[in-house]
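Participant: just a sequence and a predicted model for now, questions to come.
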Amino acid sequence: MSGDGAVSHRKGPVQEGLPWVVGLLLGVLALGPGLKRGFILRYDMVFVPNPPLGPVQLGAGEGFPRAVPSDAFAALLSKALPADIVQSVLLLAIFVLACAGAARLVPGPLAARLAAGVFYAWNPFIAERLLLGQWAVLLGCAGLPWALAAAVRLAGAKDLPRLVTALVPAAVGGFSSAVLSALVAVPAAFARPGPALRRFGSALLAVAAVAAVCLPWLVPALSAAGGGARTDPGAVDLFAARADTPFGVAGSLLTLGGIWNAQAVPDLYGHPFFAACRLALALAALAGWVLLLRRGSLGPAGPGLTAAALAGSAVALLGTVDPGRDLLRALIGAWPGFGALRDGHLYTPPHALLQAVRLGGAAAGPAPGAGRADRSGAVAAALLVAAPLILLPGLAWGAAGRLTPVVYPAEWSEVQRAVDGDPAPGSVLVLPWSAYRGLETAGPGRTAVVLDPAVKLFERPVVWNDDLRVADGGTVRAAEGEDPAARAAAEAAAGPGGASAPEIGALGVRYVLVEREAPDPTSADGPRHLSKNRFSSVLRASEKVHDGPLLTLYRLPAAHVNAVKVDLSGLEVTGWLVTVGSILWSLIASSSNLVSMRPLRPVGAEPRKENPS
C-alpha cells in the first residue's frame with residue numbers, strides 16, 4: 001500500500017513505456033498519409049522548405065507575434081532535418097506528450113492510465129484544432145498534464161526547475177499555449193495543500209515560471225499593442241463557439257467540440273449516434289468528478305484542475321450570449337490584449353483533461369477481486385480505452401484524407417533565395433490581396449486551403465492581407481487584421497486609381513510577389529479584399545526579378561523605398577536570453593526532463609486494501 005492509502009502499482013519498462021508507444025500509434029493513425037514526404041498544409045498550419053530564422057521569426061516587426069517562437073523553433077530544427085520531417089515529428093509529438101502526460105496523472109492499473117491517455121490525445125478539440133492547422137496550440141495542450149503535475153508540487157523555489165521544464169511545450173507553442181498553461185498551473189499551485197500564505201506564494205511562483213517562458217512573444221506583443229497593432233472587437237461574433245452537434249452550443253462544448261470554423265469539423269462528428277454517445281460519456285465523467293468533489297477525495301491535482309476547467313468553460317461560454325459578447329467587445333476595445341478571450345473554444349483543454357482523468361479513474365474499477373466482477377471490470381476498462389477512437393472516426397487516417405502532403409515547386413525556393421540574398425532592407429508585399437490560398441495536394445482532386453505560404457518564406461517582413469475571412473453557411477464573415485502596414489497598404493489600394501509605387505515604397509516595401517494561380521476559397525467582395533489590379537501601377541513601375549509559371553517577383557525602384565533594417569530591440573533580445581536561460585537552468589538544476597516526473601496520487605483514489613489472495 002502506498003503512503004497515501006492508494007494501491008501501489010509497480011511499473012516496469014512496459015508499464016512506463018506503453019503510454020508513449022500508444023501515443024505514437026495514435027499520431028500515426030491520425031496523420032496517416034500526411035506522414036509521407038511533403039508538407040501538410042491546412043489553414044494556419046504552414047511549413048515551408050528551408051524556413052528562415054531571422055529577426056522577424058524571433059519577434060521583430062509591427063504586428064502581434066502570433067507565430068513566435070513556434071516558427072523559430074521549427075526553423076531551428078530544420079537546420080538538422082528536412083523541414084517536412086520536422087513537421088511530422090512535431091505533429092507526432094503532440095499525440096505522444098498528450099497521451100503519456102494524461103496517463104501519468106492516473107497512476108493506477110495500466111488500463112486506467114491508457115484510458116486517460118487515449119481520451120486526452122484523441123478528442124474533438126484535438127481533431128478540430130488540427131484541422132484548423134493550429135499545431136502550436138496543440139503542442140501547448142499536450143503539455144498541460146505535465147504542467148499540472150509540476151504545479152501541484154510547487155512548494156517553493158526549489159521546485160521551480162520542474163515546473164519550467166514542464167512548460168517547455170508551452171514555451172515552444174507560444175501565445176495561446178502559454179495562456180492555457182497559466183490557466184492550469186496557477187490554480188493548481190494555489191490549490192495545493194498548506195497555509196493560505198504559502199499557497200499564494202506558490203501561485204506567484206507559477207506566474208513567474210509561465211512569464212519566464214513567455215518573454216520571446218510577450219515583449220514584442222506588448223510593444224505591438226502600444227505601437228498601432230489592434231484587434232477587431234467585431235470579431236467576437238466570428239470566433240464565438242458554435243453548435244457542431246445536435247445538442248446546441250453548450251452540448252458541443254461539453255463534448256469538447258464547438259469550433260467556430262465549420263470547415264474544421266471532422267467527418268461524422270455531428271452524427272446523432274456518435275454525438276449522443278460522446279455526450280453520455282462526458283456527463284458520466286462530470287457526474288463522477290462532482291461526486292468525488294463532494295467526498296473530498298479528488299487528490300492533490302483535483303482542486304486546481306476543477307478551477308481551471310470551470311474558468312475555461314466560463315470563457316468558452318462567454319461569447320455565446322449577448323451580455324458576454326458585449327463584455328468581450330468592450331474589453332478588446334479598451335486593450336487589444338483581451339483579444340485572446342474571443343476564441344472561446346480555445347479554453348476547453350482543461351475540461352478535456354478533467355474528463356480524461358476521471359474516465360481513467362473509472363477504468364481503474366474497484367479493488368482487485370476474483371471472478372465475474374474482475375472480468376466485467378476488464379471489459380469496461382477495455383471499452384473506455386477504445387471509446388474515443390470509436391466515437392471520433394473522422395480523425396483517423398489524415399482526418400479522412402484531409403491531411404495530405406503538398407510538394408512545393410522549386411520556384412518557391414528560387415524566389416526565396418532571390419529575396420533573402422538581397423542585403424537591402426525592405427519588406428515583401430504579397431498579391432493577390434487575400435490571406436488564404438488553394439493549393440493542389442498530393443491527393444487526386446483535393447485542394448489544401450492554407451494561409452499564404454509566402455508569409456513564412458522570407459527572412460524579411462511580409463505585408464499581406466491579414467484579415468480573417470471565414471465561409472459560414474454560404475456567407476463570408478470577416479475580421480479586420482492586426483498589422484498596421486497591411487491596413488496602410490489596403491487603404492492606399494482602395495483609393496482612386498489604386499496604390500502607387502511611392503505610396504507602397506513609403507511603407508518600407510521593396511519587393512512585390514504575385515502568385516498567379518492562387519485562388520482564395522474564402523474570397524468574397526469586400527472593402528479589404530482587393531484585386532491585384534489595384535496594385536497594377538506599382539508593378540508597372542517595378543523591375544521584374546523572377547518570372548515563372550506560378551510566381552512573379554518585382555523589385556521597387558530604390559528611390560521609392562523608405563525602409564530600415566528590422567532587428568530585435570535590446571529588450572526583446574533580453575527576453576530571449578531570459579527564456580532560453582531559464583529553460584537550460586531548469587533542465588540542469590532538476591537533472592530532469594518531461595519524462596522523469598513521478599506520477600501523482602490517483603485523482604479520486606479511495607483508500608483501499610490490497611487483496612491478500
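Facilitator: Structure's in. What do you need?
Participant: neighbouring strands - and their directions - for the lengthiest strand in the chain?
Facilitator: The residue-count maximum for a strand in the chain (DSSP state E) belongs to strand 509-515. Counting by DSSP bridges, the strands paired with strand 509-515 are strand 427-431 (parallel), strand 551-555 (antiparallel).
Participant: which other residues reach the last one?
Facilitator: By C-beta atoms under 8 Å, 6 or more residues apart in numbering, the residues outside strand 551-555 that reach it are 411-412, 415, 418-419, 422, 510-516, 538-539, 542-547. For every residue, glycine as well, the C-beta is placed using N, CA and C.
Participant: what of the first one?
Facilitator: When contacts are defined by C-beta under 8 Å, 6+ apart, strand 427-431 is touched by residues 419, 452, 454-455, 458, 460-464, 485, 489, 504, 507-515, 532, 535, 538, 563, 566.
Participant: now do the same contact list for residue 280.
Facilitator: Residue 280 touches nothing, counting by C-beta under 8 Å, 6+ apart.
Participant: ditto for the one 3 residues further on
Facilitator: Residues near residue 283 by C-beta under 8 Å, 6+ apart: residue 254.
Participant: now it. Its backbone dihedrals?
Facilitator: phi -70, psi -40 (degrees, to the nearest 10).
Participant: check residue 42 too.
Facilitator: phi -150, psi 110.
Participant: give me the neighbour count for the closest residue in space to it that isn't next to it in sequence.
Facilitator: Excluding the flanking residues, the one nearest residue 42 by C-beta to C-beta, 6 or more residues apart in numbering is residue 133, at 4.3 Å. Residues near residue 133, counting by other C-beta atoms under 10 Å, number 22.
Participant: from residue 238, how far off is residue 133?
Facilitator: 17 Å (C-beta to C-beta, to the nearest Å).
Participant: again with residue 16
Facilitator: Remark: distance between residue 16 and residue 238 (C-beta to C-beta) = 45 Å.
Participant: ok, now residue 572?
Facilitator: When residue 572 is compared with residue 238 (using C-beta to C-beta), they lie 30 Å apart.
Participant: what of residue 197?
Facilitator: Between residue 197 and residue 238 the computed distance is 44 Å (C-beta to C-beta).
Participant: have a look at these two and say which one is more surrounded.
Facilitator: Legend: neighbour count by other C-beta under 10 Å for residue 197 and residue 238, higher for residue 238 (19 against 8).
Participant: now the strands: where do they sit in this protein?
Facilitator: Taking DSSP E as the test, the strands found in the chain are 39-40, 405-406, 427-431, 436-440, 447-451, 462-463, 468-472, 475-479, 509-515, 543-547, 551-555.
Participant: including distance to residue 391, mean pLDDT and mean neighbour count, could these go into a markdown table?
Facilitator: As requested, the strands of the chain are arranged in a markdown table below (distance: least, C-beta to C-beta, whole Å; pLDDT from 0 to 100; neighbours: other C-beta atoms under 10 Å):
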| stretch | distance to residue 391 | mean pLDDT | mean neighbour count |
| --- | --- | --- | --- |
| strand 39-40 | 24 | 96 | 26 |
| strand 405-406 | 28 | 92 | 22 |
| strand 427-431 | 41 | 96 | 26 |
| strand 436-440 | 31 | 82 | 19 |
| strand 447-451 | 27 | 84 | 20 |
| strand 462-463 | 41 | 97 | 25 |
| strand 468-472 | 26 | 71 | 18 |
| strand 475-479 | 30 | 74 | 16 |
| strand 509-515 | 41 | 97 | 23 |
| strand 543-547 | 50 | 97 | 13 |
| strand 551-555 | 44 | 97 | 20 |
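Participant: let me have these in CSV, adding distance to residue 589 as columns.
Facilitator: Listed next are the strands of the chain as CSV, based on distance: least, C-beta to C-beta, whole Å:
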stretch, distance to residue 589
strand 39-40, 37
strand 405-406, 41
strand 427-431, 42
strand 436-440, 45
strand 447-451, 39
strand 462-463, 39
strand 468-472, 42
strand 475-479, 43
strand 509-515, 46
strand 543-547, 51
strand 551-555, 49
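Participant: tell me which residue is most central in this structure.
Facilitator: The residue lying closest to the centre of the chain (C-alpha atoms, centre = their mean) is residue 137, at 1.0 Å.
Participant: who's in contact with that residue?
Facilitator: 129, 173, 176-177, 180, 346.
Participant: what's the burial count for residue 323?
Facilitator: 8.
Participant: and it, what's its pLDDT?
Facilitator: Per-residue pLDDT puts residue 323 at 96.
Participant: how much space between it and residue 307?
Facilitator: As for residue 323, its distance to residue 307 is 23 Å (criterion: C-beta to C-beta).
Participant: quick one: residue 511 and residue 561 touch, right?
Facilitator: No: if you go by C-beta atoms under 8 Å, residue 511 and residue 561 don't touch, sitting 9.5 Å apart.
Participant: give me the common contacts of those two.
Facilitator: Common contacts of residue 511 and residue 561 (C-beta under 8 Å, 6+ apart): residue 426.
Participant: re the thing from before, any idea how far the residue nearest to the centre of the chain lies from residue 170?
Facilitator: Computed with C-beta to C-beta, the distance linking residue 137 and residue 170 is 10 Å.
Participant: between those two, which contacts overlap?
Facilitator: 177, 180.
Participant: where in the stretch 501-613 of the chain is pLDDT low?
Facilitator: 517-529, 591-613 (pLDDT under 70).
Participant: show me where it has helices.
Facilitator: 501-505, 536-540, 570-590 (DSSP state H, counting those that start in this stretch).
Participant: tell me the most buried of those helices?
Facilitator: When these are scored by mean count of other C-beta atoms under 10 Å, the highest mean neighbour count falls to helix 501-505 (a mean of 22).
Participant: burial measure for the residue lying closest to residue 143 once chain neighbours are set aside, as a count.
Facilitator: Using C-beta to C-beta, 6+ apart and skipping residues adjacent in sequence, the residue nearest residue 143 is residue 169, 3.0 Å away. Residue 169 has 27 neighbours, counted by other C-beta under 10 Å.
Participant: residues touching residue 169, list them.
Facilitator: 97, 139-140, 142-143, 146, 177, 594.
Participant: 6 Å instead, please
Facilitator: 139-140, 142-143 (C-beta atoms under 6 Å, 6 or more residues apart in numbering).
Participant: residue 51 now?
Facilitator: Residue 51 neighbours (C-beta under 6 Å, 6+ apart): 75, 78, 83.
Participant: let me know the closest of those to residue 12.
Facilitator: Checking the contacts of residue 51 against residue 12 with C-beta to C-beta, the nearest one is residue 78 at 37.2 Å.
Participant: verify the stated contact: that closest one with residue 85.
Facilitator: No: counting by C-beta atoms under 6 Å, residue 78 sits too far from residue 85 to count as a contact (8.7 Å).
Participant: these two: which is more packed in?
Facilitator: residue 78 (21 against 14).
Participant: any idea how far that one is from residue 513?
Facilitator: 21 Å.
Participant: ok, residue 32 next?
Facilitator: Counting by C-beta to C-beta - residue 32 and residue 513 are separated by 33 Å.
Participant: swap in residue 233?
Facilitator: 32 Å.
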